[in-house]
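A.B. asks: Pasting the sequence and the predicted model now:
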Amino acid sequence: LDRLVRYETYNGGWFYYDFDAHGQNPSEGPASFSTAAGLIALFEAKESGIAVPPELVKRAMTRMKDMRLPDGNYLYGLYLQYYPEHPINNVRGSCGRNQSCNLAMWRGGSPLVGEAQARKGLEDMFTYQAFMKMGRKRPWPHEAWYATSGYFYYFGTYYGALLLDKLGDGARREYGEKLSAMVLPYQELDGSWWDYAMWGYHKPYGTAYALLTLVRCSPKGQP
């Protein structure tokens, strides 16, 4: 919680770089998926009894609203607000991060996202998953079609699985097999999963995301 407070961007939410000022508080505006991940962590912290500053959540939710496009996709980051038709903001570029954003908005009580929007986001991911796969394991970020990057892949499936948690067993029966099919075929010979060569921890994070996804793909009590 201390780190999320410390590294909040100057206008709310979170990004992962500060290319310009290199300040203690990042001078860049937020990215949609990092802000979504931060919000979901804060909601879980609050449910665990940790006192979460309400203004921290409010600012992040406001930025999420700012980054949500009328078609239900999300800007990669707030810096693209005047370039909404950039390829990365198209559904083919956004479907890997829409799941985290929809979950954060829904859990945060936004009237813009509910079950219908969450289901549409999942269906879009299955429809356009080929564009997520194009970026998987590429050595350079955002070089694939629609500027997708490898690290969207298991991030997207994991937050898709968390949406199944919220939607319930009916959604697991409806979407679980499709979601597991995005993960199971890509297990490496050493037992790991990975989507982007990120220093030395791409296999641990990829494998964790894959396993946390797979355990949510079947209705409770079923393998």
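C.D. replies: Perfect, thanks for sending it.
A.B. asks: CA only for contacts and neighbour counts going forward, please
C.D. replies: OK.
A.B. asks: Please report the number of neighbouring residues for M134.
C.D. replies: Under the neighbour criterion other Cα atoms under 10 Å, M134 is assigned a count of 18.
A.B. asks: May I ask you to confirm that it is in contact with W145?
C.D. replies: Yes: if you go by Cα atoms under 8 Å, M134 and W145 touch, sitting 7.0 Å apart.
A.B. asks: Run a quick neighbour tally on E55.
C.D. replies: E55: 10 neighbours (other Cα under 10 Å).
A.B. asks: And the contacts of the one helix or strand it maps to?
C.D. replies: According to DSSP states H and E, E55 maps onto helix 54-67. For helix 54-67, the external contacting residues (Cα atoms under 8 Å, 6 or more residues apart in numbering) are 5, 11-14, 30, 32, 35-36, 39, 42, 74-78, 81, 101, 105, 108.
A.B. asks: repeat that with 10 Å
C.D. replies: Applying Cα atoms under 10 Å, 6 or more residues apart in numbering, the contact partners of helix 54-67 are 4-5, 8-9, 11-14, 29-33, 35-36, 38-40, 42-43, 73-81, 84, 89, 101-102, 104-105, 108-110, 112.
A.B. asks: Could you point out the helix or strand that follows that helix?
C.D. replies: Assigned by DSSP H and E, the successor of helix 54-67 is helix 91-107.
A.B. asks: Just want the angle from whichever helix or strand comes after that next one to helix 91-107.
C.D. replies: Sequence-wise, the next helix or strand downstream of helix 91-107 (DSSP H and E) is helix 115-127. Between helix 115-127 and helix 91-107, the angle comes out at 150 degrees (axes from the mean of the first three to the mean of the last three Cα atoms, to 10 degrees).
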